[in-house]
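Enquirer: pasting a predicted model and its sequence here:
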Amino acid sequence: MNQNIKRMATILAAVVISVILFCCPAFGSGLPPEKGDLLPDIALPVPDNPSQRSYLGLSDQTVFKIPEIKAKVVIIEIFSMYCPYCQREAEEVNRLYSIIENDPTLKDKIKVIGIGTGNSTFEVEVFRNKFSVPFPLIADENYSVHKSFGEVRTPYFLGVKINEDGTHRVFYSKPGEFNGAEQFLELMLRLSGLIQGK
């Protein structure tokens, strides 16, 4: 009985620390990418799932950089499995993905990915299964992406425009929940210059 209480106290302490670290403003040294910036030069593991690799337009390589995704716009959510705001937002982010995928004029132009900061592959899969997340989620267990993005609080959303010549620019970079999938998509279309139906 005493062991169970200690174990529960340890788990509770870990959750509280995670919420404080990831859902509150960061104390980190770097700054998040701003509008007009390039993304930090980060390499991410290619998803094992063939349908997710296909969704991103990636080959059999082992790592990729976000501008290599076959899309005109990439929406990135920095999340943590332990962040209550990320959990609350999951359904609406799933809806954003569904709206894009069900629109033939958008599905090949906009891709959505999530990066689980401080989360292991196991924790990312727990989040995926619990909230039925249909888009690729990538673990950032050693915080390398989190650090390169200025140790942002979660959830944090970035919009990246990828040009035909392979160059890219950040057009959106903000923390917090968004108010509805439709409104957020409209904002992404407007800020990126991507006009629906073209």
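Expert: In hand now; what should we look at? Residues are numbered from 1 along each chain as shown.

Enquirer: now do Leu194, the pLDDT please.
Expert: Leu194 carries a pLDDT value of 84.

Enquirer: so it, which of the three states?
Expert: Of the three states, Leu194 takes coil under DSSP: H, G, I helix; E, B strand; the rest coil.

Enquirer: settle this for me: it is touching Ile110, isn't it.
Expert: Yes: counting by C-beta atoms under 8 Å, Leu194 touches Ile110, with 7.3 Å between them. Where C-beta positions appear, they are placed from N, C-alpha and C, glycine not excepted.

Enquirer: look at the two and report which has more neighbours.
Expert: Ile110 (25 against 19; other C-beta atoms under 10 Å).

Enquirer: which residues touch that one?
Expert: Ala71, Lys72, Val73, Val74, Ile75, Ile100, Met188, Leu194 (C-beta atoms under 8 Å, 6 or more residues apart in numbering).

Enquirer: now do 10 Å
Expert: 71-75, 96-97, 99-101, 103, 159, 185, 188-189, 192, 194, 196 (C-beta atoms under 10 Å, 6 or more residues apart in numbering).

Enquirer: equivalent analysis for Ile99, please.
Expert: Counted by C-beta under 10 Å, 6+ apart, Ile99 has contacts Leu106, Lys107, Ile110, Ala181, Glu182, Phe184, Leu185.

Enquirer: spell out the residue ranges of the helices in this structure.
Expert: Taking DSSP state H, the helices of the chain run over residues 2-23, 50-56, 84-101, 121-131, 144-148, 181-192.

Enquirer: next, format those as TSV and append distance to Pro33.
Expert: Formatted as TSV, the helices of the chain follow (distance: least, C-beta to C-beta, whole Å):
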stretch	distance to Pro33
helix 2-23	18
helix 50-56	20
helix 84-101	19
helix 121-131	22
helix 144-148	9
helix 181-192	14
